[in-house]
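In: the following block contains a protein sequence and its predicted model.
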Amino acid sequence: EPEVTQTPSHQVTQMGQEVILRCVPISNHLYFYWYRQILGQKVEFLVSFYNNEISEKSEIFDDQFSVERPDGSNFTLKIRSTKLEDSAMYFCAASIQGVRLGYNSPLHFGNGTRLTVT
Amino acid sequence: QQQVKQSPQSLIVQKGGISIINCAYENTAFDYFPWYQQFPGKGPALLIAIRPDVSEKKEGRFTISFNKSAKQFSLHIMDSQPGDSATYFCAAVGAAGNKLTFGGGTRVLVKP
């Protein structure tokens, strides 16, 4: 069973539309993250989430973005009004106790959702 | 100051050769340095990691060398195999934070 499952694998949307990207981490993970990777570029941190609240966010994560864990299993990223520059691969990641514990708490990534905004 | 700079962007190595990827950082608050391996269509996966209290960490064919005074660290892939062809990311975690800051990535191609 994969540690982190993301759906859908690919989503195409029109500019201005809302999208919700979904992630299901394995049940014992407590720290959750969203990262994005624009094609050919580095993996960028968006937001971290712990104990049902945002613990840290980057400057990319503006008012158009939101996260929630509505039912204790799914972890979602919502983009309210997509822009062309939101086109990227979005990765959900999770760890048991936070990444600073290193090998005791590795960060597991899903296989990503490729978001294409047209 | 939060950046991690990685080089080269890509490299090609013959099977059996050594692949070397370098990273540099400025933020002295970073205290955990993992390397991630990413295959096409997959998310990054933890490969090997080091803390700054040691200068070298070896796991199989993969070795991290760490130079704390120079704020640099590198990944060496010995006896490179075609199955090692992937993108490699260095990363860093700070004492006050709980997120990974990634380098720009290195695409490694190992030719048979």
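Out: Received it, and whenever you're ready, just let me know what you need. Being a predicted model, the structure only gives us computed values, none of them experimental.

In: contacts and neighbour counts: CA atoms only from here.
Out: Noted.

In: tell me the residues of chain B that contact chain A?
Out: B:32, B:34, B:41-46, B:49, B:93-95, B:98-105 (Cα under 8 Å from any Cα of the partner chain).

In: buried subset of those?
Out: B:32, B:34, B:43-46, B:49, B:93-94, B:98-105 (16 or more other Cα atoms under 10 Å in any protein chain shown).

In: measure the residue lying closest to B:P112 once chain neighbours are set aside to chain A for me?
Out: Ranked by Cα to Cα, 6 or more residues apart in numbering or on different chains and with sequence neighbours excluded, the top spatial neighbour of B:P112 is B:K15, at 5.1 Å. Look at B:K15 and chain A: by Cα to the nearest Cα, to the nearest Å, they are 25 Å apart.

In: which residues touch residue 31?
Out: With no chain named, the answer covers chain A. A:48-51, A:94-98 (Cα atoms under 8 Å, 6 or more residues apart in numbering or on different chains).

In: let me rephrase: I mean chain B.
Out: Neighbours of B:D31 in contact, by Cα under 8 Å, 6+ apart: B:51-52, B:92-95.

In: which element is it on?
Out: Assigned by DSSP states H and E, B:D31 belongs to strand B:30-38.

In: and the residue nearest to the spatial centre of chain A, what helix or strand is that in?
Out: Residue closest to the average C-alpha location in chain A (Cα atoms, centre = their mean): A:W34, at 2.8 Å. Per DSSP H and E, A:W34 falls inside strand A:31-37.

In: that older thread, same question for the strand holding B:D31, mean pLDDT?
Out: For strand B:30-38, mean pLDDT rounds to 93.

In: over to stretch B:82-97?
Out: So the average pLDDT for stretch B:82-97 ends up being 90.

In: against chain B, how distant is the nearest residue to A:V4 once chain neighbours are set aside?
Out: Once flanking residues are discounted, A:V4 sits nearest to A:P25: 4.3 Å by Cα to Cα, 6+ apart. In this view, A:P25 and chain B are 14 Å apart by Cα to the nearest Cα.

In: doesn't A:G72 make contact with A:P25?
Out: No. Using Cα atoms under 8 Å, A:P25 is not in contact with A:G72; the gap is 9.8 Å.

In: who's more crowded, those two?
Out: Taking neighbours as other Cα atoms under 10 Å in any protein chain shown, A:P25 and A:G72 compare with A:P25 leading, 25 against 11.

In: so how far is A:Q41 from the more buried one?
Out: Look at A:P25 and A:Q41: by Cα to Cα, to the nearest Å, they are 25 Å apart.

In: now do B:I20
Out: For B:I20 relative to A:Q41 (Cα to Cα), the value is 20 Å.

In: tell me which of those two has more neighbours.
Out: Legend: neighbour count by other Cα under 10 Å for B:I20 and A:Q41, higher for B:I20 (18 against 13).

In: am I right that that one is in a helix?
Out: No. If the criterion is DSSP: H, G, I helix; E, B strand; the rest coil, then B:I20 is strand and not within a helix.

In: tell me where chain A is predicted with low confidence.
Out: A:1, A:100-104 (pLDDT under 70).

In: mind listing the strands for it?
Out: A:4-7, A:10-13, A:19-25, A:31-37, A:43-50, A:53-57, A:65-68, A:75-79, A:88-95, A:108-109, A:113-117 (DSSP state E).

In: quick one: which of those strands is nearest B:L11?
Out: Distance to B:L11, taken as Cα to Cα, is lowest for strand A:43-50 among the strands of chain A, at 19.0 Å.

In: output the contacting helices and strands for that closest one.
Out: Contacts defined by 3 or more Cα pairs under 8 Å, 6 or more residues apart in numbering or on different chains; DSSP states H and E place strand A:43-50 against strand A:31-37, strand A:53-57, strand B:101-102.

In: I'm done for today, thanks for sticking with me.
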